[in-house]
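Asker: next come a sequence and a model predicted from it.
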Amino acid sequence: MEEEEIRRMAEQMIRENPKKRIISFKLGDEKYWIKRKLSNGRNQLVKYSVEKEFYYEIARMTIAGQAHPELIAPIEVLTSDYMVTKDGGPTLKKWLDSRETEWEKENLLEETGQALASLHASGIVHGRPALRDITWKDGKLTFLDWENRLYSQDKEEQKAIDFLLLMQGVYRENYDEEKDRIRALMRGYKENGGEETIEEARRFLKKHSLIGWLTQKLSPFRMKDIDSVRKLYDLLG
């Protein structure tokens, strides 16, 4: 599809939805997503302008795309006010909640672990690889939402946190097949060169053992996020 045609449709959608930050539209058989230079409403305490955040994400997508173009959604249109990317299919969360077979879901998680390990091997860290920020379509995984700041200065620790956040995303859903899905994710990550990062994740949890102790004490309250962190300590701590 010609870039100018995508641009015209994007600007029409923005005129029709002036307050929306994220907008989807179809053009022919393709679906696209507009991400506008507007506040996401989540980072009110962060001292960065909306403009800096917008270009920060673009820069990180560009760097990641140079290393692994197969894992990043290419930017179809970029202006000073918005970018347009092609739809990458249902999110990993939707796939795991779908009626596909458990074998297919575990294969997808193993593939996701491999993909994250590939990014890390190239020195690329996502920052928040949540199940809702990874899509799959026609055999292609895509990592979305590269806007998250990396507050640790240690690259190996950044990779470990990435890995832990992805694992936590599976744990917090309380799937009946949780153990098998976690094993599949870990297997893919470990077998694609992630073994040292898994050990770094163990060291990270040990360094923050007080958090693990607190999650154990709070476990009777059955809070989803607390329980998911506790499970990480039970597995790796």
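Answerer: Looks like it came in fine. Because the structure is predicted, anything quoted here is derived from the model rather than measured.

Asker: run through who's touching the longest helix belonging to the chain.
Answerer: Secondary structure of the chain per DSSP state H: the longest helix is helix 102-121. Under the criterion Cβ atoms under 8 Å, 6 or more residues apart in numbering, residues 64, 67-68, 71, 92, 95-96, 98, 125-126, 129, 134, 136, 141, 143, 159, 162-163, 166, 170, 177, 180-181, 184-194, 197 lie in contact with helix 102-121. Glycine gets a C-beta too; all of them are placed from N, C-alpha and C.

Asker: select only the buried ones of those in ChimeraX?
Answerer: Selecting only the buried members of those in ChimeraX, with burial defined as 16 or more other Cβ atoms under 10 Å, works like this:
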select :64,71,92,95,96,125,126,129,134,136,141,143,159,162,163,166,170,181,184,185,186,187,188,189,190,192,194,197
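
Asker: inside helices: which ones of the contacts of helix 102-121?
Answerer: Assigned to helices by DSSP H, the following of the contacts of helix 102-121 qualify: 64, 67, 92, 95-96, 159, 162-163, 166, 170, 180-181, 184-189, 197.

Asker: show me where pLDDT drops low in this protein?
Answerer: For the chain, residues meeting the criterion pLDDT under 70 lie at 1, 41-47.

Asker: for it, just list every one of the strands.
Answerer: 22-27, 30-36, 75-78, 82-86, 134-137, 140-143 (DSSP state E).

Asker: between those strands, which gets nearest to Ser228?
Answerer: Distances from Ser228 to each of those were compared by Cβ to Cβ, and the smallest falls on strand 134-137, at 16.9 Å.
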